[in-house]
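**Student:** next one to model:
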Amino acid sequence: MKKNISKVIFILITIILIYFIKTNFSEYNFEKSVSACILGQKKKSKTFDAKKARKFCEQEIKKELEK
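**Tutor:** The predicted model follows:
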């Protein structure tokens, strides 16, 4: 009986850790995507405004994530 309880506790802790790791990586991936988009906008545009490019990229990436 104690072996079963310890296995269940281990599984629950593992699930919780995976959830937190996934959450941290998704934010990291979002920031990397925005940075890559900004660099693309910089190369594409003759007149570059970093604030406008960041806002545009964040909106476009959020649209893609909602699909």
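**Student:** got the phi/psi numbers for the residue nearest to L65 when sequence neighbours are not counted?
**Tutor:** Distance criterion Cβ to Cβ, 6 or more residues apart in numbering; nearest residue to L65, sequence neighbours excluded, is F30 at 7.9 Å. The C-beta positions use only the backbone N, C-alpha and C, and glycine is treated the same way. Note on F30: its backbone torsions stand at phi -60, psi -50 [degrees, to the nearest 10].
**Student:** how near is L65 to F48?
**Tutor:** 25 Å (Cβ to Cβ, to the nearest Å).
**Student:** show the pLDDT at N24.
**Tutor:** Listed pLDDT for N24 reads 67.
**Student:** number the residues from 577 up from this point.
**Tutor:** With 577 as the first residue, the last one maps to N600.
**Student:** just the element for the spatially most central residue of the chain, please.
**Tutor:** Of all residues in the chain, the one closest to the mean position by Cα atoms, centre = their mean is S602, 2.3 Å from it. S602 belongs to helix 578-620 when assigned by DSSP states H and E.
**Student:** other SSEs contacting that helix?
**Tutor:** helix 626-642 (3 or more Cβ pairs under 8 Å, 6 or more residues apart in numbering; DSSP states H and E).
**Student:** same for the helix it packs on, what does it pack against?
**Tutor:** So helix 626-642, by 3+ Cβ pairs under 8 Å, 6+ apart, packs with helix 578-620.
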